[in-house]
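K.L.:
just coords:
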């Protein structure tokens with residue numbers, strides 16, 4: 001058995017490898033093109049923003065649900081013993097802000 005190849009086989013192998021190399025170089029050219037790099041970067045940023053926004057939305061929803069659960073009964077009726085003090089504190093804070101802003105205007 002001999003591993004000798006004919007010139008035609010060698011030429012065919014060289015042609016096949018040139019073709020494979022051309023495809024590889026084309027792929028590298030596409031990957032390294034500035035438009036491709038920018039598109040990939042934009043996609044990564046958009047995915048990160050979507051992920052962050054989704055987490056923020058979930059956190060806000062959880063917070064609102066928690067506050068609602070604390071201020072209402074299981075059947076949805078308001079818990080006045082909890083709402084009234086919160087409302088009074090809110091009115092007091094708003095009043096202090098209003099008085100403070102009037103002093104700064106003068």
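P.N.:
That came in fine, so what should we check first? Here the structure is a predicted model, which means the values were calculated and not measured.
K.L.:
For this structure, give me the ranges with low pLDDT.
P.N.:
Residue ranges of the chain with pLDDT under 70: 1-2, 106.
K.L.:
any chance you could map the helices in it?
P.N.:
Counting by DSSP state H, the chain has helices at residues 7-32, 34-71, 80-105.
K.L.:
Switch those over to CSV; also include mean neighbour count.
P.N.:
Backbone N, C-alpha and C define where each C-beta goes, glycine included. What follows is those, written out as CSV (neighbours: other CB atoms under 10 Å):
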stretch, mean neighbour count
helix 7-32, 10
helix 34-71, 10
helix 80-105, 10
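K.L.:
Compute the distance between residue 90 and residue 7, please.
P.N.:
When distance is defined by CB to CB, to the nearest Å, residue 90 is 92 Å away from residue 7.
K.L.:
Then residue 84?
P.N.:
Here residue 84 is placed at a distance of 98 Å from residue 7 (CB to CB).
K.L.:
tally of neighbours for residue 79?
P.N.:
Close neighbours of residue 79, defined as other CB atoms under 10 Å, add up to 12.
K.L.:
Can you tell me how far it is from residue 66?
P.N.:
14 Å.
K.L.:
ditto for residue 14
P.N.:
As judged by CB to CB, residue 14 and residue 66 stand 71 Å apart.
K.L.:
cool, and residue 4?
P.N.:
Distance from residue 4 to residue 66, by CB to CB: 80 Å.
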